[in-house]
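K.L.:
Give me a model of this one.
(2 chains, ligands or ions: 2)
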Amino acid sequence: MWLLAELTYACPLQCPYCSNPLQLPASRKRELSTGEWLRVMREARKLGAVQLGFSGGEPLVRQDLGELIAAADGMGFYCNLITSAIGLNEARIAEFREAGIRHIQISFQGSDRETNARFGGSDSFEHKLAMTRETIRQGIPLGLNFVLHRHNIHQVSDFLHLAEGLGAEFVELANTQYYAWALHNRDQLLPSAAQLEEAEAAANRFRQRHRGNMRALFVAPDYYERRPKKCSNGWGTTFITITPEGDVLPCQSARAIEGLEFPNVRQDSLENIWRGSSLFQKFRGTDWMQEPCASCPEKENDLGGCRCQAFLLTGDAHATDPICELSPEHHRVGDAIRAAQAHAEAGEDAVPLLFRNTANARKLATAEA
Amino acid sequence: MFDHTTAPFRLNPGYRLQYEEAQQCQVLLYPEGLVKLSDTAAEILGRCLEPITRERLIAELQRDYPDADSLSDDVREFLNDARRQDWIVAAED
Ligand code: SF4
Ligand code: SF4
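P.N.:
Ligands and ions are numbered 1, 2, ... in the order given. Reported below is the predicted structural model:
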């Protein structure tokens, strides 16, 4: 079982595909304290969680990160840090190493300085390179994460060469998935089928030519699949996400579904929430399904797909994930692809990307009100 | 490429071996997940926390489990597998 600890939504970057909620909190005062995180981690450990991912926002913003890692390692967690590397330095890497961090994942927004700065909203490329090298030098297993969309997907091959040159062990070429900020910017981000095919071919060519030690994983965007993915490996089976303010979610984006009530670790124990809360029961197993999923022979394979995607694209969280070709709403996916294409042909600046920051979050909130 | 049949090896430092109450068995943890280990696998890997050679490992196990049949073949096979999956890596000197 995995515990994903979103320590804070604060982040010095502004990626337009960020999976954090569109409604960013105005203040960090309500974030869980060190003590509250320690309690939550102990409770998760008791439930059988062994993998722990520290993420955010940017988890390095939390000054108690080293302390949290040390405590978690002591409890028997396998600690992963998921970071943009902004806020990392040699001393902090050493501190985390000492504390027992097992794996660090550094994300890149582009394979060169300019692209990286354009999509991260900050000139951080050289720093990321330096921190990647330093993490490797200190002997901490490291993975690089390259988030792909229409404007950088042609850089796959460059990025793989860059990663290999740096000495990375593992690279994830993760296409943007369309939730939260990414969904808002979908017309500007979704790549074409041809772009996607070329990128995947580039990854395969690289794998064939370089039988080195570096593993590369290519994750396609759901929109071009014929069957959906299991919602976070099965709703309420594998993942527990805790938001900075202590809400407990079955997956990172579950707050997208309107009308659900989210239990909070300040009100109840993690065990009660995991076993008993209506939220975690709601989409466990297959009993909640509607047609065509309910009588589909494939229902155990994909559990009807992602509940958030079903809600976001059809307005009904019980519906078949429209990624599935058997969904009566599948045309919405094709519509989205065509809309993005039309946008690309109209020229990039017709509607600008909305970068993820508090000013834009405020703008969105006012527009909605 | 190191050869675990001759050179000393150790458990991959990126992996963590521990007993899990929830699974009631030893598990091996790595960045993307975990594998449950059989008692035999756990017994072998538990002896690879420090650098060790294949011959030493087999000798130790034969000493501690004198009644086990085909022990050395089983261990060899397991180590080949463990090597393929990067559970064991070259021991740095
Ligand atoms: S996606 Fe970008 S903006 Fe969002 S938390 Fe990660 S680094 Fe920050
Ligand atoms: S209809 Fe539902 S269960 Fe069947 S393949 Fe599609 S998503 Fe999966």
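K.L.:
so where does the closest residue to residue A:292 other than its chain neighbours fall, helix or strand?
P.N.:
Closest residue to residue A:292 apart from its sequence neighbours, by CB to CB, 6 or more residues apart in numbering or on different chains: residue A:326 at 5.0 Å. Just so you know, the C-beta spots here come from the backbone N, C-alpha and C atoms, and that holds for glycine as well. For residue A:326, there is no host helix or strand (DSSP states H and E).
K.L.:
quick one: residue A:326 from ligand 2, how far?
P.N.:
Here residue A:326 is placed at a distance of 4 Å from ligand 2 (CB to the nearest ligand atom, to the nearest Å).
K.L.:
what residues are up against that residue?
P.N.:
By CB atoms under 8 Å, 6 or more residues apart in numbering or on different chains, the contact list for residue A:326 reads A:292, A:296, A:320.
K.L.:
Likewise for residue A:144?
P.N.:
A:105-108, A:132, A:159, A:163, A:166, A:168, A:170-172.
K.L.:
And residue A:219, by the same measure?
P.N.:
The neighbourhood of residue A:219, defined by CB under 8 Å, 6+ apart, consists of A:172-175.
K.L.:
how about it, phi and psi?
P.N.:
For residue A:219, the backbone dihedrals (degrees, to the nearest 10) come out as phi -110, psi 110.
K.L.:
bridging residues for it?
P.N.:
Legend: beta-bridge partners of residue A:219 under DSSP bridges are residue A:174.
K.L.:
thinking again about what came up before, narrow the contacts of residue A:219 to those that are buried.
P.N.:
Listed as buried from the contacts of residue A:219 are A:172-175; burial here means 16 or more other CB atoms under 10 Å in any protein chain shown.
K.L.:
any idea which helix is longest in the chain?
P.N.:
Here I'm looking at chain A. The residue-count maximum for a helix in chain A (DSSP state H) belongs to helix A:193-209.
K.L.:
oops, chain B please
P.N.:
Ranked by residue count under DSSP H, the longest helix found in chain B is helix B:71-84.
K.L.:
how about the very next helix or strand once past that helix: buried residues?
P.N.:
Where DSSP H and E defines the elements, the next helix or strand beyond helix B:71-84 is strand B:88-90. Buried positions in strand B:88-90, judged by neighbour count with 16+ other CB under 10 Å: B:88-89.
K.L.:
Equivalent analysis for stretch B:14-33, please.
P.N.:
Buried, per 16+ other CB under 10 Å, within stretch B:14-33: B:14-17, B:20, B:26-31.
K.L.:
just stretch A:201-219 next, same as before
P.N.:
For stretch A:201-219, by 16+ other CB under 10 Å, it's A:202-203, A:206, A:214, A:216, A:218.
K.L.:
Give me the average confidence score over that stretch.
P.N.:
For stretch A:201-219, the mean per-residue pLDDT is 84.
K.L.:
Likewise for stretch A:122-141?
P.N.:
Averaging pLDDT along stretch A:122-141 gives 91.
K.L.:
Likewise for stretch B:6-15?
P.N.:
For stretch B:6-15, mean pLDDT is 89.
K.L.:
What is the distance between stretch A:161-177 and the centre of its chain?
P.N.:
How far stretch A:161-177 lies from its chain's middle: 16 Å, per CA atoms, centre = their mean, to the nearest Å.
K.L.:
Mind listing what's buried along that stretch?
P.N.:
In stretch A:161-177, the ones that count as buried by 16+ other CB under 10 Å are A:162-164, A:166, A:168-177.
K.L.:
what about residue B:63, how many neighbours?
P.N.:
By other CB atoms under 10 Å in any protein chain shown, 8 other residues sit near residue B:63.
K.L.:
Equivalent analysis for residue A:193, please.
P.N.:
Residues near residue A:193, counting by other CB under 10 Å, number 11.
K.L.:
which non-adjacent residue is nearest it?
P.N.:
Of all residues not flanking residue A:193 in the chain, residue A:224 sits nearest, at 6.3 Å (CB to CB, 6+ apart).
K.L.:
sorry, back to before: check the buried residues of stretch A:201-219 and tell me the two furthest apart.
P.N.:
Distance extremes for the buried residues of stretch A:201-219: the farthest pair is A:202 and A:214 at 14.7 Å, using CB to CB.
K.L.:
how about the residues of chain A near ligand 2?
P.N.:
Taking CB under 6 Å from any ligand atom as the contact definition, chain A meets ligand 2 at A:227-228, A:292-293, A:296, A:298-299, A:302, A:304-305, A:320-321, A:324, A:326.
K.L.:
Can you say which of the residues you listed are buried?
P.N.:
Here, 16+ other CB under 10 Å leaves A:228, A:292-293, A:296, A:299, A:302, A:304-305, A:320-321, A:324 buried among these.
K.L.:
Secondary structure and pLDDT for these - can I get that in CSV?
P.N.:
Formatted as CSV, those follow (DSSP: H, G, I helix; E, B strand; the rest coil; pLDDT from 0 to 100):
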residue, secondary structure, pLDDT
A:228, coil, 90
A:292, coil, 92
A:293, coil, 88
A:296, coil, 91
A:299, helix, 88
A:302, helix, 88
A:304, coil, 91
A:305, coil, 91
A:320, coil, 91
A:321, coil, 90
A:324, coil, 92
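K.L.:
Can you add distance to residue A:112 and give the residues you listed back as TSV?
P.N.:
Compiled in TSV, these are given as follows (distance: CB to CB, whole Å):
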residue	distance to residue A:112
A:228	34
A:292	45
A:293	44
A:296	45
A:299	45
A:302	37
A:304	41
A:305	36
A:320	41
A:321	35
A:324	37
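K.L.:
circling back to that earlier point, out of the buried residues of stretch A:201-219, flag the one nearest to ligand 2.
P.N.:
Nearest to ligand 2 among the buried residues of stretch A:201-219 is residue A:218, at 22.6 Å by CB to the nearest ligand atom.
K.L.:
okay but the closest one is in contact with residue A:202, surely?
P.N.:
No: if you go by CB atoms under 8 Å, residue A:218 and residue A:202 don't touch, sitting 9.1 Å apart.
K.L.:
Give me the common contacts of the two.
P.N.:
Any residue near both residue A:218 and residue A:202 by CB under 8 Å, 6+ apart counts here, and that gives residue A:156.
K.L.:
quick one, what contacts residue A:73?
P.N.:
Contacts of residue A:73 by CB under 8 Å, 6+ apart are A:79, A:99-102.
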